[in-house]
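Student: sequence first, then the predicted structure, then my questions.
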Amino acid sequence: MSLDIVSLDIVQMVLVTVLTAATPLILAGIGELVVERSGVLNLGVEGMMVLGAAAGFAVATQTGSTGLGALGGAGAGLLLAALFGVLTVGLAANQVASGLALTILGLGLSGLVGAGYVGMKRDPAPHLHLPGLTDLPGIGRLLFGHDAFVYAALLLVVGVWWFLWRTRAGLILRAVGDDHTATHALGLKVRKVRFLAVLFGGACAGLAGAYLSLAYTPFWAPAMTAGRGWIALALVVFASWQPLRVAAGALLFGGATVLQLHAQAAGLGLPGQLLSALPYLATILALVLLSLGRRRGGSLAPAALGRVFAPSR
Amino acid sequence: MSDHSFSRRHLLGGAAALSLGALPFGRARAAGPLTVGFIYVGPKDDYGYNQAHAQGAAALKAIPGVQVVEEENVRETTDVQKTMESMINLDGATLVFPTSFGYFDPHVLIEAKKNPKVQFRHCGGLWTEANPKNAGSYFGYIAQGQYLNGIVAAHASKAKRLGFVAAKPIPQVLNNINGFLLGARSVDPSITVQVIFTGEWSLAVKEAEATNALINGGADVITCHVDSPKVVVETAARRGAFVCGYHADQSALAKDQYLTGAEWNWASIYKGFVADMQAGKAPPNFLRGGLPDGFVKMSPYGPAVSEEARRQADAVKAEMMKGGFAIIKGPLKDNKGNVIAGAGTALAENASELEKTNYLVEGVKGSA
């Protein structure tokens, strides 16, 4: 009996690490989903995320508050996204090129912002502790023992789902993403909707970065996002632009990342390099399967995704 | 008109005089101070590998007639060739230390051929007679430190499972893992070490995940070989596991959970190299040393280390101080069942076979 509880606790710890590994992907992915639903393709997620990690850590260290740090990270992502919005929504610049430039800019800026904070130590964001509930064997830590970022990410998924499918504003956003000419003709403010969506995506990516530097490690290291922004981008496609599927996909990828480490620790006998490549192989496989499905069933993507809109006068 | 041409001639003459004056000055400067270049793969203040080297570099700054130029965050690509060239051509460096493992082949070898008057000394590489004579490599037998870590870890472990977060499966890393396991097995032959390779020298987030995975897998003492052990040490201590440090002293990060650690002491090597250069001769091409030579040292024991553990580790350390201590002693198999050392075979710390290690010994769970 006691053995059962021990193994149950191990399973719980593994699930806890899967959920925490998925959290930055959920945050960044759900933000990018809203952006793409409005018809804008922002490839700068990695850049906004890493800047959010640096700025979040810097603000938290300066003010001594993790909450303000999270806001600072989200704000930094939002500012970088605003630059992208001005270029692509305002000036109708090419979205792919601007997004890639944003990633490079974000990586550079984050190095600059974080330069003075390398090697500094901070306590991780506080974890929820409900007496009685958190200590429940088997499920307590998994349900009631996370930090605020994890719960915020899950609430955000539900919130975005509700917004996109249950509100008029969400309907407008999806309509703008599907046909900007028609929505413009109806008198809807295409560029305003898209700009706001871009800002939301930036704030989410920044928050995802702040989660890494404030709760997950918790400290700042240059380029610490290490490709998570790109995985978040792939996740949105993988999830065929559905919020709940983004969360499921993030858990899958978070799981793949964490489980390959557990597989190594368990001594499966496969080379570490191959196991490290698994999450990325899974990404490619998912995208291939999706594009095969699309060939049969038509595109699931917002119809105006990535297309530049310049209103006629 | 004539005024104008006069002033221009005046100006040209002045410029010529200036440049003439600059020539001998430039030569005098080149013959004067010795400029030493240090190249790091990560930030200098990473509580780890790069910090250990930067502390060695800082010790040189106090020597009169020595100028130190440093560059951080240089990748193990052609980037490092450009950095070396700029240190040589712009800063006038005549002794260059590219400190990361991946810099050696081909980058250091290419630059050494291109700049025969500059001395290159690389940390961790395997210099051979076939390589350029103005290149060289130095390293310390830090696996001795990991062996001592293993002894202390075995005494502290209740689960009899230890964890090791490793960067890349290169000989130095594999020697450290083997040393850690064999040190632990010298205390209790049933102990195992679980190892996770992250694939890069510095991947903060993945190192945290790897540490969590090891602890979830039941390991209760963690050590590592990554460039910045900070995240591993902190994560393990937060989860309640004991920690053995690496590269530098991380006791401040783990408090009572810190047992001991294997640290570098590069300053003595760098001072020796600079003394050679100032005496007008080339530093040694191939330099290795361990605890007895002062290249490697141990962190002070933490409060959780038992009397018995201290006694045993100190006894083995005294043995190592005599030189010739063999970590790999036959009969020994690797973790795939192949015999790597027959009965009676013993590889002392300076055995050349250890520079080519490509196996993990029996008792290590994981694959290189």
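Tutor: Good, I have the coordinates.
Student: report all helices and strands that the strand or helix carrying B:Leu148 contacts.
Tutor: Under the criterion of DSSP states H and E, B:Leu148 resides in helix B:143-156. When contacts are defined as 3 or more Cβ pairs under 8 Å, 6 or more residues apart in numbering or on different chains; DSSP states H and E, helix B:143-156 packs onto strand B:161-166, helix B:171-185, strand B:221-225, strand B:242-247, strand B:258-264, strand B:296-298, helix B:307-321, strand B:326-329. No exception for glycine: its C-beta is placed from N, CA and C like everyone else's.
Student: output these in a markdown table, with mean neighbour count and mean pLDDT appended to each entry.
Tutor: As requested, those are exported to a markdown table (neighbours: other Cβ atoms under 10 Å in any protein chain shown; pLDDT from 0 to 100):
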| stretch | mean neighbour count | mean pLDDT |
| --- | --- | --- |
| strand B:161-166 | 29 | 96 |
| helix B:171-185 | 25 | 95 |
| strand B:221-225 | 31 | 97 |
| strand B:242-247 | 30 | 95 |
| strand B:258-264 | 26 | 95 |
| strand B:296-298 | 20 | 93 |
| helix B:307-321 | 15 | 95 |
| strand B:326-329 | 20 | 92 |
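Student: dump these into JSON lines; add distance to chain A as well.
Tutor: Shown next, in JSON lines, are the helices and strands packed on helix B:143-156 (distance: least, Cβ to the nearest Cβ, whole Å):
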{"stretch": "strand B:161-166", "distance to chain A": "7"}
{"stretch": "helix B:171-185", "distance to chain A": "11"}
{"stretch": "strand B:221-225", "distance to chain A": "11"}
{"stretch": "strand B:242-247", "distance to chain A": "13"}
{"stretch": "strand B:258-264", "distance to chain A": "14"}
{"stretch": "strand B:296-298", "distance to chain A": "21"}
{"stretch": "helix B:307-321", "distance to chain A": "25"}
{"stretch": "strand B:326-329", "distance to chain A": "21"}
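Student: can these go into JSON lines with extra columns for distance to A:Leu27?
Tutor: Listed next are the helices and strands packed on helix B:143-156 as JSON lines, based on distance: least, Cβ to Cβ, whole Å:
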{"stretch": "strand B:161-166", "distance to A:Leu27": "26"}
{"stretch": "helix B:171-185", "distance to A:Leu27": "34"}
{"stretch": "strand B:221-225", "distance to A:Leu27": "28"}
{"stretch": "strand B:242-247", "distance to A:Leu27": "30"}
{"stretch": "strand B:258-264", "distance to A:Leu27": "33"}
{"stretch": "strand B:296-298", "distance to A:Leu27": "42"}
{"stretch": "helix B:307-321", "distance to A:Leu27": "44"}
{"stretch": "strand B:326-329", "distance to A:Leu27": "46"}
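Student: and whatever helix or strand A:Phe200 lives in, how far out from the chain middle?
Tutor: In this assignment (DSSP H and E), A:Phe200 forms part of helix A:190-211. The chain centroid and the centroid of helix A:190-211 are separated by 11 Å under Cα atoms, centre = their mean, to the nearest Å.
Student: what's it packed up against?
Tutor: Here helix A:190-211 touches helix A:2-37, helix A:45-63, helix A:66-85, helix A:148-166, helix A:168-178, helix A:180-185, helix A:228-238, going by 3+ Cβ pairs under 8 Å, 6+ apart.
Student: give me the mean pLDDT for the fourth one.
Tutor: Just to be clear, that refers to helix A:148-166. What helix A:148-166 shows for mean pLDDT is 95.
Student: same question, the third one
Tutor: What helix A:66-85 shows for mean pLDDT is 96.
Student: check the shortest one too.
Tutor: The average pLDDT within helix A:180-185 is 92.
Student: what mean pLDDT does stretch A:118-136 have?
Tutor: Stretch A:118-136 shows a mean pLDDT of 82.
Student: and for stretch A:42-61?
Tutor: Stretch A:42-61 comes out at a mean pLDDT of 96.
Student: where does pLDDT dip in chain B?
Tutor: Residue ranges of chain B with pLDDT under 70: B:1-31.
Student: how about a cut-off of 80?
Tutor: For chain B, the stretches flagged by pLDDT under 80 are B:1-32, B:367-368.
Student: in it, which residue is closest to the centre?
Tutor: Chain B has B:Tyr49 as the residue nearest its centroid, 5.6 Å off, counting by Cα atoms, centre = their mean.
Student: OK, contacts around it?
Tutor: Contacts for B:Tyr49 (Cβ atoms under 8 Å, 6 or more residues apart in numbering or on different chains) come out as B:Val41, B:Gly42, B:Thr99, B:Trp201, B:Asp227, B:Ser228, B:His247, B:Trp264.
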